[in-house]
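> got a structure for you, letters missing:
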């Protein structure tokens with residue numbers, strides 16, 4: 001019980017830190033994979049250009065550059081990060097049971113249709129998961145898990161507002177609908 005309260009408190013502090021002073025809508029795709037951040041960025045750049053979310057200026061180098069803020073035409077910001085310094089109490093580790101090695105950060109742009117940006121994000125993630133092996137979770141600020149792949153099994157949140165038919169159609173891999181949480185209760 002004490003661990004659950006600790007994790008719940010950690011999740012709350014993470015959400016508060018992320019939300020302080022800025023009302024950004026952030027998502028993270030955290031992956032435990034043998035692929036490097038460079039490989040993931042290379043594949044993501046290729047996928048983004050193939051599906052029309054990225055233009056030719058989106059390269060692996062730019063997706064990895066912490067000093068560059070690169071936005072799609074719809075305002076979606078994307079960055080690939082190597083996650084080498086996780087705390088042992090990170091909710092992905094404690095609640096989902098895997099330690100991410102690579103993450104893709106997404107931030108929705110202001111003043112543009114967030115739903116379209118989220119659909120672009122899902123298109124990128126769906127195709128990326130076809131190339132990247134290992135466990136993965138796409139979550140909204142540790143609060144809502146959109147998808148979870150664990151031990152090769154993919155599950156999508158049961159909420160139809162998150163997964164309307166147009167987004168479900170982007171998922172080529174077999175999946176089941178199941179809602180997961182990072183808060184122990």
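Right, received. Where do you want to start? The structure presented is a predicted model; accordingly, all values stated were derived computationally and were not measured. Numbers count the residues shown, from 1 in each chain.
> For the residue nearest the centre of the chain, list each beta-bridge partner.
Geometric centre of the chain, nearest residue: residue 29, 2.2 Å, by C-alpha atoms, centre = their mean. Under DSSP bridges, the beta-bridge partners of residue 29 are residue 104, residue 138.
> Show the contacting residues for the closest residue to residue 126 other than its chain neighbours.
Nearest residue to residue 126 in three dimensions, chain neighbours excluded: residue 170, at 4.7 Å (C-beta to C-beta, 6 or more residues apart in numbering). Bear in mind the C-beta positions are built from the backbone N, C-alpha and C, glycine included. Going by C-beta atoms under 8 Å, 6 or more residues apart in numbering, residue 170 touches 119, 122-123, 126.
> Then residue 54?
By C-beta under 8 Å, 6+ apart, the residues touching residue 54 are 45, 48, 72.
> Secondary structure element holding it?
Using DSSP states H and E, residue 54 maps to neither a helix nor a strand.
> distance of it from residue 146?
21 Å (C-beta to C-beta, to the nearest Å).
> Centre of the chain to stretch 145-163, how far?
12 Å (C-alpha atoms, centre = their mean, to the nearest Å).
> Equivalent analysis for stretch 57-69, please.
17 Å.
> List the contacts of that stretch.
So stretch 57-69 is in contact with 37-38, 41-42, 44-45, 48-49, 70, 72, 77-81, going by C-beta under 8 Å, 6+ apart.
> how long is it end to end?
12 Å (C-alpha to C-alpha, to the nearest Å).
> Quick check: buried residues in it?
Of all the residues in stretch 57-69, those buried under the rule 16 or more other C-beta atoms under 10 Å are 58-60, 62-64.
> Include pLDDT and distance to residue 166 when you put those residues into TSV, please.
Formatted as TSV, the entries for those read as follows, by pLDDT from 0 to 100; distance: C-beta to C-beta, whole Å:
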residue	pLDDT	distance to residue 166
58	93	23
59	94	28
60	96	28
62	94	28
63	95	25
64	95	30
